[in-house]
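Visitor: below is the sequence, then the predicted model.
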Amino acid sequence: MRERSLTELEAGVRECYADVRELLVHFRTRTSDEDIEAALRATLSKFEHQTGVATHLSMSGQGLPLAPDVQIQVLHMVQEALSNVRKHAQARHVELRVERHPWRFEVCDDGCGFDPARVAPDSLHVGLGIMRERALRVGAEVRVDSAPGGGGTRVCIVLPSASTVVPALA
């Protein structure tokens with residue numbers, strides 16, 4: 001019994017350590033007035049290095065750059081989705097699909113999946129709530145498609161077309 005408790009405690013400490021490292025990486029996130037692509041590539045590279053989970057980024061379409069404050073919120077939502085993959089999905093591969101017009105970001109994994117309806121808003125799984133709060137700040141919508149049993153999970157972030165571009169310089 002005592003050995004089991006120590007094992008659980010060690011696992012908890014390792015999880016906390018990973019969370020702190022992840023937070024430190026998030027705080028160092030940089031954006032650009034030009035394009036979000038470089039920041040997304042860096043985020044995926046860091047995730048792959050930390051977890052060993054293969055990643056792929058696909059960008060399509062043409063659109064105006066996102067405002068810096070919107071970029072930050074989107075990057076944090078993507079990072080939170082990746083954090084959920086690390087903690088829960090048992091995935092081997094993650095793909096981030098980005099459509100530039102209208103702006104849409106999909107984080108797709110090949111993990112174990114889950115039932116989104118069974119995640120209570122006030123539960124210990126706060127990641128989805130955090131993503132939704134960030135989405136509200138920029139008028140975006142977050143949708144989660146998943147099912148238990150190995151079908152993977154898709155987190156989709158859709159931005160409104162009117163409020164996302166860098167304002168014109170006067």
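Guide: Thanks, I have the structure now.

Visitor: quick one: low-confidence ranges for the protein?
Guide: The chain contains residues with pLDDT under 70 at 6, 8-9, 11-34, 121-125, 162-170.

Visitor: helices of the protein, start to end?
Guide: 2-27, 37-51, 68-84, 127-137 (DSSP state H).

Visitor: gap between His76 and Cys156?
Guide: 16 Å (C-beta to C-beta, to the nearest Å). Using the backbone N, CA and C atoms, a C-beta is placed for each residue, glycine as well.

Visitor: give me the nearest residue to Ile157, chain neighbours excluded.
Guide: Phe105 (4.3 Å; C-beta to C-beta, 6 or more residues apart in numbering).

Visitor: count the neighbours of the one you found for me.
Guide: 22 (other C-beta atoms under 10 Å).

Visitor: list the contacts for it?
Guide: 74, 77-78, 96-98, 156-157 (C-beta atoms under 8 Å, 6 or more residues apart in numbering).

Visitor: now, which of those sits nearest His56?
Guide: Using C-beta to C-beta, Leu96 is the member of these that lies nearest His56, at 7.3 Å.

Visitor: number of nearby residues for that closest one?
Guide: Leu96: 22 neighbours (other C-beta under 10 Å).

Visitor: with Phe47 instead?
Guide: 22.

Visitor: am I right that Gly152 is in contact with Cys108?
Guide: Yes: with contacts defined as C-beta atoms under 8 Å, Gly152 counts as touching Cys108 at a distance of 6.4 Å.

Visitor: picking up where we left off before, now, of the helices of the chain, which is deepest in the fold?
Guide: Of all those, helix 68-84 carries the top mean neighbour count, a mean of 21, counting by mean count of other C-beta atoms under 10 Å.
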